[in-house]
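> Here is my input; please provide its structure:
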Amino acid sequence: MLLYIHGFNSSPQSDKGLQSANFIAANHPGVRLVQPQLPTDIERAVALLCEITEEAKARGEPLRFIGSSLGGFFATYLAETYGGKAALINPAVSPYDLFEAFLGPQHNPYTGEDYLVLPSHREALKRYDVAAIANPDRFFVLLQTGDEVLDYRLALGKYYCCRMLIEPGGDHSFVGFERQLPDIAAFLELP
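Purely as a prediction, here's the structure:
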């Protein structure tokens, strides 16, 4: 199984989500790709991701994750908790520290959903933080220094012991992401 985990206010219908799905369909048609639309509630989102991961593990499927931004935060938790390998795209390192800017009403442009970000969401995120990477061989971290949302240096600090690709410039969306998909597939050992 390959679980694609989108970021905050995003969707499997984002450019990276669609590029990933198209690449897997064309190049690795035997891989079961799962791309859920995450609930906006943190606890419900993590419960869904854990349920998908536990079901795949129970079937004996290799666990593989692609996580973008907040999805990278979740993918880190899943790979460290359940095993498997994860490619992280401009991952959020401590998203709970950024929540002041997002508290209150939010709108997801992909789903059209209006919802509230509450202080309780910050506390929920803290419960899924991986303080230190215990299994660096499980991670491939892709960063662009021009990320306008997240300071890439935080990811450098957290994932310093992992395989890393650092590109100058770019932005939070990871410009040219589709160019990286063959290397991501190789790292994740997709058949």
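> gap between G169 and R163?
Here G169 is placed at a distance of 21 Å from R163 (C-beta to C-beta, to the nearest Å). C-betas here are computed from N, CA, C, even on glycine.
> Between those two, point out the one with more neighbours.
For the pair G169 and R163, the greater number of neighbours falls to R163 (16 against 9), based on other C-beta atoms under 10 Å.
> What's opposite the more buried one in the beta bridge?
Note on R163: beta-bridge partners F140, judged by DSSP bridges.
> Contacts only, for E61.
With contact taken as C-beta atoms under 8 Å, 6 or more residues apart in numbering, E61 is in contact with M1, R32.
> Reduced to three states, what does the spatially most central residue of the chain come out as?
The centroid of the chain falls nearest to G67 when counting by C-alpha atoms, centre = their mean (1.7 Å). Under the three-state scheme (DSSP: H, G, I helix; E, B strand; the rest coil), G67 adopts strand.
> Can you tell me what sits against whichever helix in the chain runs longest?
The longest helix of the chain (DSSP state H) is helix 42-58. Under the contact criterion C-beta under 8 Å, 6+ apart, helix 42-58 has outside partners 1, 3, 5, 32, 34, 36, 38-39, 63, 74, 77-78, 81-84, 121, 124-125, 128.
> Check which helix or strand the spatially closest residue to the residue nearest to the centre of the chain that is not a sequence neighbour maps to.
Leaving aside its sequence neighbours, G67 sits nearest to A75 (C-beta to C-beta, 6 or more residues apart in numbering; 2.9 Å). Per DSSP states H and E, A75 falls inside helix 70-82.
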